[in-house]
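1. Please find the sequence and the predicted model below.
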Amino acid sequence: MLTRIGMFLMFTSASLVSLALVGQATTFSDMFMVLAGVVLFVDVVIGCLSQVRVFNVAYEDLMYVLAMNRPRSAYVALDPGISRHFMTSVHDDLPGSVQTYDSLGSLNPLSHVAGSSMTFISTANSALIAILAGLLTSIFGTGVSGAAAVGASVRTGFFHRFVGLRLQDVYGSLAPIHACVPHSPGKSLSLVRGSVPGRFQSMAAMSSTTRSRKASTCVSS
């Protein structure tokens, strides 16, 4: 993932330096504007492809965290006394994933999002898209203020769509099922549009009705 981001930044830096040299040679003529639009468009495409890869790796990382929480839950089922030795969670729901990511409990949950590679590359791509939108707008003679307004609007919309809404998709898809319900083999693991078939939901994530239903079901079984 970091290699892909490094390649993207290297390509973008080289293309921007090339544009600066071409701009000096052509005195920033109309032909330079066309060339700059093409180069920035290629940068945006490569950036979006890199962003897709970064998002996929982030989803896989979350999947592995939830998957490793399940064996620990099985160990606790075999020997309940062993649970006090675990720093990470034994639950495969949202609170369980947060506990595993931050076992010491010393970090703000927002710091994981703000410091993630996903936010980093989304910020870089949104800046590139804003520059491209401003450039295309300025070609039609809207002026500096109009180009800046269009670029800022496009940047805000892109960042909100690919960071805010994607995070809602991921965490909203964690729809756990309480531990006494057997795993359904027909359920698929999808972190975006489906749901993670949780089996070991933490008590903090349950409503009072669900907790009482789980207790009665487990007693009866």
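-> Here it is on my side, so go on. Residues are numbered from 1 along each chain as shown.

2. Buried ones in stretch 33-51, by neighbour count?
-> Met33, Leu35, Ala36, Val39, Leu40, Asp43, Val44, Ile46, Gly47, Cys48, Ser50, Gln51 (16 or more other C-beta atoms under 10 Å). The way it works is simple: take the backbone N, C-alpha and C, and place the C-beta from them, glycine included.

3. Closest to His112 out of these?
-> Comparing those against His112 with C-beta to C-beta places Gln51 closest, at 17.8 Å.

4. Strands of this structure, start to end?
-> Read by DSSP state E, the chain holds no strands at all.

5. so where's it uncertain?
-> For the chain, the stretches with pLDDT under 70 are 1, 106-107, 109, 162-221.

6. Measure how buried Gly6 is and give me the count.
-> Residue neighbour count, defined by other C-beta atoms under 10 Å, stands at 11 for Gly6.

7. what's the answer for the one 3 residues further on, then?
-> Here the number of neighbours of Leu9 (other C-beta under 10 Å) works out to 15.

8. I'd like to know the phi and psi angles of Ser29, please.
-> Phi and psi for Ser29, reported as degrees, to the nearest 10, are phi -80, psi -180.

9. if we can go back for a sec, tell me which of the buried residues of stretch 33-51 fall in helices.
-> Those of those mapping onto helices are Met33, Leu35, Ala36, Val39, Leu40, Asp43, Val44, Ile46, Gly47, Cys48, Ser50, Gln51, per DSSP state H.

10. So the residue lying closest to the fifth one once chain neighbours are set aside versus Ser89, what's the distance?
-> Put plainly, it is Leu40. Of all residues not flanking Leu40 in the chain, Leu132 sits nearest, at 4.3 Å (C-beta to C-beta, 6 or more residues apart in numbering). Between Leu132 and Ser89 the computed distance is 43 Å (C-beta to C-beta, to the nearest Å).

11. So between these two, which is more surrounded?
-> Taking other C-beta under 10 Å, Leu132 and Ser89 do not tie; Ser89 has more neighbours (23 against 19).

12. got a list of what the more buried one touches?
-> Going by C-beta atoms under 8 Å, 6 or more residues apart in numbering, Ser89 touches Asn69, Arg72, Pro95, Gly96, Ser97, Gln99, Thr100, Ser202.
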